[in-house]
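Colleague: Turn this into a structure:
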Amino acid sequence: MIGRIVGTLIEKTPPELLVDVAGIGYEVSASMTTIYDLPQVGGQVTLYTHLLVKEDSHTLYGFIDKNERALFRVLIKVNGIGPKMALAILSSMSAEELINNVQESDVTALTRIPGVGKKTAERLIIELRDKLGQAAKSDLFSAPAVLRQVQADPRQEAEAALISLGYKPQEAAKAIAGVPIDSANSEDVIKAALKSMLRK
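Modeller: Just a heads-up that it's a prediction; the model follows:
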């Protein structure tokens, strides 16, 4: 099992990362919460990882801290929630927001996450209420870290990230178009677009 990697960030194309560790390039899937907190390409990164082994593939998921990884592991145990959906959930709202929405049985808020319908939202509430309530009381999940700048075409990268999270290309393009043109980087654009879409 690969529990952590430390190396140089070579590529960042949300939600995929490429990290060089002693000359070996690791392809890693990550949530936008983790990507927001990464340095620029060329910087050193430490990611806590979860290796998912299937008959035909090995996929490495990376997280900025153990707390996000713990939440990911809780989510993928929910019936009908796979790793891709778990990343979409972690990308769409903070751990605190997810815990609050589950504790308050807020189906409407959960269905704003791409790919989460009413039945899935209800299942999340039923299966996660006790687990996430205990996590919140023990401060298991920390608040999202401060965003850092990346060098990229912010709007193209943001649109690709939204599509990878399950939004339709037309929805992603419309959301990006509504973000102020002076947004500094792709993380700012993605964050603003997600907030706009989740309010609808």
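
Colleague: Domain map for this structure?
Modeller: Split into domains by automatic domain parsing, the chain comes to 4-63, 66-137, 154-199.

Colleague: Pipe those domains into CSV and attach mean neighbour count and mean pLDDT per row.
Modeller: The way it works is simple: take the backbone N, C-alpha and C, and place the C-beta from them, glycine included. Below are these laid out as CSV (neighbours: other C-beta atoms under 10 Å; pLDDT from 0 to 100):
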stretch, mean neighbour count, mean pLDDT
domain 4-63, 17, 95
domain 66-137, 18, 87
domain 154-199, 18, 74
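
Colleague: what's the helix or strand for G25?
Modeller: strand 24-30 (DSSP states H and E).

Colleague: so what secondary structure elements neighbour that strand?
Modeller: Packing partners of strand 24-30 (3 or more C-beta pairs under 8 Å, 6 or more residues apart in numbering; DSSP states H and E): strand 4-13, strand 16-21, strand 44-53, strand 58-63, helix 83-92.

Colleague: would a markdown table of those with distance to K119 be doable?
Modeller: Formatted as a markdown table, the helices and strands packed on strand 24-30 follow (distance: least, C-beta to C-beta, whole Å):
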| stretch | distance to K119 |
| --- | --- |
| strand 4-13 | 32 |
| strand 16-21 | 29 |
| strand 44-53 | 24 |
| strand 58-63 | 25 |
| helix 83-92 | 13 |
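
Colleague: re the thing from before, specify the angle between the strand holding G25 and strand 16-21 in degrees.
Modeller: Between strand 24-30 and strand 16-21, the angle comes out at 150 degrees (axes from the mean of the first three to the mean of the last three C-alpha atoms, to 10 degrees).
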